[in-house]
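Novice: Sharing a sequence plus its predicted fold:
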Number of protein chains: 2
Amino acid sequence: MPKEETFNRVQVLEKATEVFHKKGYNGTSMQDLVDATSLNRSSIYNSFGSKLSMFLEVLSFYQSVHSTNFNQALVKSYNAKEAIETIFNLHLNEIIKDNDRKGCLVINCKSEMANQEVSIKSFMEKNQERMIAMFEDIVTKGQMEKIFNQDQTANQYALYLFSSIQGLRMIGILNKNEKELKNLIYITTKILY
Amino acid sequence: MPKEETFNRVQVLEKATEVFHKKGYNGTSMQDLVDATSLNRSSIYNSFGSKLSMFLEVLSFYQSVHSTNFNQALVKSYNAKEAIETIFNLHLNEIIKDNDRKGCLVINCKSEMANQEVSIKSFMEKNQERMIAMFEDIVTKGQMEKIFNQDQTANQYALYLFSSIQGLRMIGILNKNEKELKNLIYITTKILY
DNA sequence: TTAATTTTGAAACGATCATTTCAATAAGAT
DNA sequence: ATCTTATTGAAATGATCGTTTCAAAATTAA
């Protein structure tokens, strides 16, 4: 049997995520990744294949971490209204603690690479499906509970909410005024009631 | 008197804009710009200084072209409601004709570089001020005309609209379904009435 | 037509790019 | 303890990066 990986893959992914998030895909060099992970070049290639495939793993890692956070918060929500508030507040917290204005890794990557790399494009399509399915579930529940109106279908509201989150994250890059952002969320979600 | 530039600066900027828009700042090489503009390397450096300063000029050029389109459309609007519709429809048209899913150059650049390059950050801050001021004007007018409600100040609605536009443009990268997008715009703007 | 000045073209700059190579090292299996 | 196999470390790969150099070409004023 061979020698096994000595490094902690999760820790390496965390470090790589940090670099890609800060500098973007094209702005990140292999040297940056070597420095950040303190792994050897050949270990990175041996374990992750290439810069692109490492980035795709980073993207999935980032997504799964945030999905976990979402789900942990969502199970605590009593109703659909609270669920929506929970999701927006999680994003608000991310914005406020993002001192170096990196924005959202997934959104950044979508705007940088979705038109150039098919693997990224399909990742983003799946991401959109997931997000819209999640919002659709919540809105459907809210409409059955008579908390949300029925002016639009749950699917249409889901697209609206997904769009709004992306707008909020883009705003959050430059604007960290919590009061303004909370009011922006208030306006955004008011349409549901 | 010296020999003057023989090339058409606007045409060169158009070509450079195309490349930067398609590939992003870090994804664009000087060779790409040489190829696209069919200018010589030294002519580019002589006339634009550096890759970054050329990009900043491209960014201003892109912004001014779109401002002109905005203003041409806005003067034709009879009231605030039409003005808002005009703005969203211009973005919708941009999305639909954007066959290679490049998205919006300004938004892409904001997410790629606002946290890394101070000149880009301040460009984006000014861009936000402009956009919000424009929306604020329209909303104020709409509120005076009693077409829009007074639930929120014009400035708060302006931030909401600016955020919504960015969300719409991010959605538009992958989703070109005109019916869905029109409905998204309908939901987004409904809050004003 | 000559002097002054700037844009050009082509080549070269050192630095950095992503990736590969390969011998040395390490660890489980026999 | 030895064999097998994979992970390491360090160096090198050729290509490309943004930028500079400088002589030749081009243009206008005198």
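Specialist: Looks like it arrived, so ask away. Numbers count the residues shown, from 1 in each chain, chains lettered A, B, ... in the order given.

Novice: worst-scoring helix or strand of chain A, pLDDT-wise?
Specialist: Least confident element among the helices and strands of chain A, by mean pLDDT, DSSP states H and E: helix A:51-74 (a mean of 92).

Novice: Buried residues, that helix. List them.
Specialist: Within helix A:51-74, the residues that count as buried by 16 or more other Cβ atoms under 10 Å in any protein chain shown are A:51, A:54-59, A:61-63, A:66, A:70, A:73-74. C-beta: built from backbone N, CA, C; applies to glycine.

Novice: now stretch A:24-38
Specialist: Neighbour counts using 16+ other Cβ under 10 Å place A:24, A:25, A:26, A:27, A:28, A:33, A:36, A:37 of stretch A:24-38 among the buried residues.

Novice: ok, that stretch near DNA strand D or not?
Specialist: No: if you take Cβ under 7 Å from any atom of the strand as the test, stretch A:24-38 misses DNA strand D, and the best it gets is 8.2 Å.

Novice: Tell me the one of the buried residues of stretch A:24-38 nearest chain B?
Specialist: residue A:26 (3.6 Å; Cβ to the nearest Cβ).

Novice: mind checking how far that closest one is from residue A:123?
Specialist: Noted for residue A:26: a distance of 17 Å to residue A:123, by Cβ to Cβ, to the nearest Å.

Novice: Residue A:148 sits in which helix or strand?
Specialist: Per DSSP states H and E, residue A:148 falls between elements, in no helix or strand.

Novice: What number of residues are in the vicinity of it?
Specialist: As a burial measure, residue A:148 scores 24 neighbours (other Cβ atoms under 10 Å in any protein chain shown).

Novice: How about residue A:15?
Specialist: Considering only other Cβ under 10 Å, residue A:15 is surrounded by 17 other residues.

Novice: List phi and psi for it.
Specialist: With angles defined as degrees, to the nearest 10, residue A:15 sits at phi -70, psi -40.

Novice: Do the least confident helix or strand of chain A and DNA strand C come into contact?
Specialist: Yes: using Cβ under 7 Å from any atom of the strand, helix A:51-74 reaches DNA strand C at A:51, A:52.

Novice: For the residue of chain A found nearest chain B, give me its contacts.
Specialist: Here chain A gets closest to chain B at one residue, residue A:167, 3.0 Å apart by Cβ to the nearest Cβ. Contacts for residue A:167 (Cβ atoms under 8 Å, 6 or more residues apart in numbering or on different chains) come out as B:163, B:164, B:165, B:166, B:167, B:168, B:170.

Novice: Buried residues, the helix or strand where it lies. List them.
Specialist: Assigned by DSSP H and E, residue A:167 belongs to helix A:154-174. Neighbour-count burial for helix A:154-174 flags A:154, A:156-174 (criterion: 16+ other Cβ under 10 Å).

Novice: Need the CA coordinates for it. CSV is fine.
Specialist: The C-alpha coordinates for helix A:154-174 follow below in CSV (Å, rounded to 0.1, in the frame of the first residue of the first chain):
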residue,chain,number,x,y,z
ALA,A,154,-43.9,30.1,-6.3
ASN,A,155,-41.5,29.5,-9.2
GLN,A,156,-41.7,33.1,-10.3
TYR,A,157,-41.2,34.4,-6.8
ALA,A,158,-38.2,32.1,-6.5
LEU,A,159,-36.5,33.6,-9.6
TYR,A,160,-37.2,37.0,-8.1
LEU,A,161,-35.7,36.1,-4.8
PHE,A,162,-32.6,34.5,-6.4
SER,A,163,-32.2,37.6,-8.5
SER,A,164,-32.5,39.8,-5.4
ILE,A,165,-29.9,37.9,-3.5
GLN,A,166,-27.4,38.4,-6.3
GLY,A,167,-28.2,42.1,-6.4
LEU,A,168,-27.8,42.3,-2.7
ARG,A,169,-24.4,40.7,-2.8
MET,A,170,-23.3,43.0,-5.6
ILE,A,171,-24.5,46.0,-3.6
GLY,A,172,-22.7,44.6,-0.5
ILE,A,173,-19.3,44.8,-2.1
LEU,A,174,-19.2,48.5,-1.7
